[in-house]
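> okay, here's the prediction I keep looking at, along with the sequence it came from:
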Amino acid sequence: MSKDLISGVVLLAISGTYYAWSGGIADSTLSDEVGATGLPHVLSFVLAILAVLLIVRAILVSRARTAIATGADDGSDASLPRAIGFLLLGAVYVFVLPFIGYVAGTALLIAAVALYEGAPRNWVVLAAAGGGAVLYWALFVKLLGVHQPVGSLFQGLL
Amino acid sequence: MTTFQDIIHLLTGTPLFFVAIGGLTWGILGGALPGISASITMALVLPFTYTMDPAQAIALLACVYIGAEYGGSIPAILIRTPGTNSSAATVIDGYEMNRQGRAGEALGISLMSGVVGSLFGLAMLILLTEPLSWLALAFTPPSYFGLGILGLSVIASMSGGSLIKGLASATIGLMIATVGTDPISGVTRFTFDIPDLLGGIEPVLVMVGLFALTELMSQSGSTTVLQLNETIRIKLPSWSMMKRLKRSQTIGCILGLFEGLTPGGGGSIAAFMSYNEAKRWSKTPETFGKGSEEGVAAPEAANNTVASTALIPLLSFGIPSSNSTAVLLGGLLMHGLIPGPRLFEQSAQVIDSIYVGSFIAIVAQIGVGMIILPACIWLVNRPRAYRAGFIFALILSGIFTLNNSLFDLGIALALGLVGYLMRIAGFPVLPMILGVVLGHMVESSYRRSLVLSGGDHIIFLQDPIAVFLLSIALIFVVFSLTREFRDARKTKIEEAHS
């Protein structure tokens, strides 16, 4: 299956889901003629039409071509699992932040990303992560006055 | 109306001075990092501006844009890798000069041509923006609807070869814009009883997710190693050289003005067009591609002019003509500032700060550019693994500052994944951002118009401004469609021949 065909099917699914969700929007006595559901309904129809067009075009193109070119450039260097792995490091950071706090969390994030991206396992990673976390803490917490999470594990200590 | 004293006060005001220098420095550093475009550099700093004074915040973003346009030329000249898209044309002769041992000279010409272009662009910005914005005083809800549609019609020229994908991307952006509280009735939509969604999804999260996180994800695992020569220093061009470059810089300025005003134009088109025109009008066209000084001056003057002139349609009408100006529009909306004449009347200090901040940044560019070059080289030479870790931590820390909300971090990460999948499938992300940014205006002005007319759509044809704007939007779409069909046909013929 070509990328466009898969994209078309996914867009169709998004359109259907969005339309179904828009059914849950409450009515209001203050509502105008179009209403709060007006635009969502139009958008779901427009997306469905575009999805169908994309699917039709993908089918026509695949029929017209006897051989499908493989290894087409997708404009990205990383493979999907690798890129998702990168993002998961961020998700873990968001999950642990309330427990271990900003400084420890940021140090862990920098170290984890550096190691994931191929940095050699030595003291430099620890030093860079620790230094970076302290630098960002000084910038965000001390300079900008942002209340970054302290961490439930360390709350009793402060 | 701005008085001379106001300008002097802003020029000598310490905070704005530091904001301008800080923005410029950040912009040059960001622009110098290959893969980090001007828009990503701006998106990275956007969350920081949330707690700032609106005038200083917008000035900071404008100065980052100016800095990034210059910064992009540094790796273009030194390692044949444009730091930003708009510095791609600089590679041709800039890198050739570097190979001939004239890297310092090329950097100096790029810097001074950038300053010339930026000053010209700023003068045009000051002269043209306010008069154009007064047109918007006569705007009614139907006119605003027409304006929103005109803004969205830019999508047609920014769809990267597939209008269907561009439109689908914009539709999803409009869908994201419907999350939150309905602008007319006040009922909640798609909030799923989550309090964090009541105010909708902020455009800044969409921008950071789609631009910055997607770029980090796509660079993950890359083994490309960049190494710059740490001994290079900038050599500013002599007066006689500047006189020789006058013609190519003028071409760059004029085309930069034209492209900055055109929705979908942007710095890269301006840079390549000026390179071609400078070659056509040059007394020594044979030197182009072989280390010509004019080949560096023209594109650099052009893309730096665009950094200022692209703000004209943005501040006058709220039309973002490029990724970078879309980020700037996000910054304006984040601070409750609506582009148009009211911005000039009610928030004159914001406009003054943009003008004065930009002026400080442009003049300071010469000194800062020379001082910061070793820092840029040092930064580019850091191992990519550490750079990725520091940038990722900076992005997530910045997003948290918006609302002190971990939920925002989750949204941004999810949008990063969406952006990455879109990139794989060949969907352009800018239409989605335009959809998110303009969605609220399009929907609320459309519905307000219908409330005024009692539900009759004829109101859109009775308002002359709405008719004009909708007609322009139609022309844009038809023009882009024609171009797309022509390109598709050309590709088909070429494929058949090969």
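Received the coordinates, thanks.
> per the annotation, how does chain A divide into domains?
For chain A, whose domains are defined here by automatic domain parsing, the residue ranges read A:3-64, A:80-151.
> columns mean neighbour count, mean pLDDT and distance to residue B:199 on top of these, output as TSV?
C-beta: built from backbone N, CA, C; applies to glycine. Conversion of those to TSV gives the following (neighbours: other C-beta atoms under 10 Å in any protein chain shown; pLDDT from 0 to 100; distance: least, C-beta to C-beta, whole Å):
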stretch	mean neighbour count	mean pLDDT	distance to residue B:199
domain A:3-64	17	89	16
domain A:80-151	18	90	19
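> just put these in CSV and tack on distance to residue B:428.
CSV is the format used below for those (distance: least, C-beta to C-beta, whole Å):
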stretch, distance to residue B:428
domain A:3-64, 13
domain A:80-151, 18
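> ok, which of the ones you listed comes nearest residue B:128?
Taking C-beta to C-beta as the measure, the domains of chain A were each checked against residue B:128, and domain A:3-64 came out nearest at 34.0 Å.
> the closest one near chain B at all?
Yes. Using C-beta under 8 Å from any C-beta of the partner chain, a contact is recorded between domain A:3-64 and chain B, made by A:3-4, A:6-7, A:11, A:14, A:18, A:21-22, A:25-28, A:30-36, A:38-40, A:43-44, A:46-47, A:50-51, A:53-54, A:57.
> for residue B:235, helix, strand, or coil?
Look at residue B:235: counting by DSSP: H, G, I helix; E, B strand; the rest coil, its state is coil.
> the residue lying closest to it once chain neighbours are set aside: how many residues sit nearby?
Of all residues not flanking residue B:235 in the chain, residue B:104 sits nearest, at 3.8 Å (C-beta to C-beta, 6 or more residues apart in numbering or on different chains). Residue B:104 has 18 neighbours, counted by other C-beta atoms under 10 Å in any protein chain shown.
> so residue B:104 sits against residue B:236, correct?
No. With the criterion set as C-beta atoms under 8 Å, residue B:104 and residue B:236 do not qualify as a contacting pair; they are 9.1 Å apart.
> what residues does the stretch 351-498 of chain B put near chain A?
Counting by C-beta under 8 Å from any C-beta, the residues of the stretch 351-498 of chain B near chain A are B:383-386, B:388-390, B:392-394, B:396-397, B:400-401, B:404, B:406, B:409-410, B:413, B:416-417, B:420, B:423-427, B:443, B:446-447, B:450-451, B:455.
> give the buried subset of those residues as a ChimeraX selection command.
Buried subset of these, written as a ChimeraX selection, criterion 16 or more other C-beta atoms under 10 Å in any protein chain shown:
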select /B:383,384,385,386,388,389,390,392,393,394,396,397,400,401,406,409,410,413,416,417,420,423,424,425,426,427,443,446,447,450
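> could you check the pLDDT of residue B:372?
Residue B:372 carries a pLDDT value of 82.
> repeat for the one 10 residues further on
The predicted local distance difference test score for residue B:382 is 79.
> shaky segments in the stretch 201-350 of chain B?
B:223-230, B:262-266 (pLDDT under 70).
> specify the residue positioned farthest from the middle of chain A.
If you look at how far each residue of chain A sits from its centre, by C-alpha atoms, centre = their mean, the farthest one is residue A:29, at 36.9 Å.
> helix, strand, or coil at that residue?
Residue A:29 falls in the coil class when you classify it by three-state DSSP.
> from residue B:187, how far off is it?
Residue A:29 is 10 Å from residue B:187, where distance means C-beta to C-beta, to the nearest Å.
> next one: residue A:147
Going from residue A:147 to residue B:187 by C-beta to C-beta gives 32 Å.
> what's the answer for residue B:133, then?
If you measure residue B:133 against residue B:187 using C-beta to C-beta, the figure is 34 Å.
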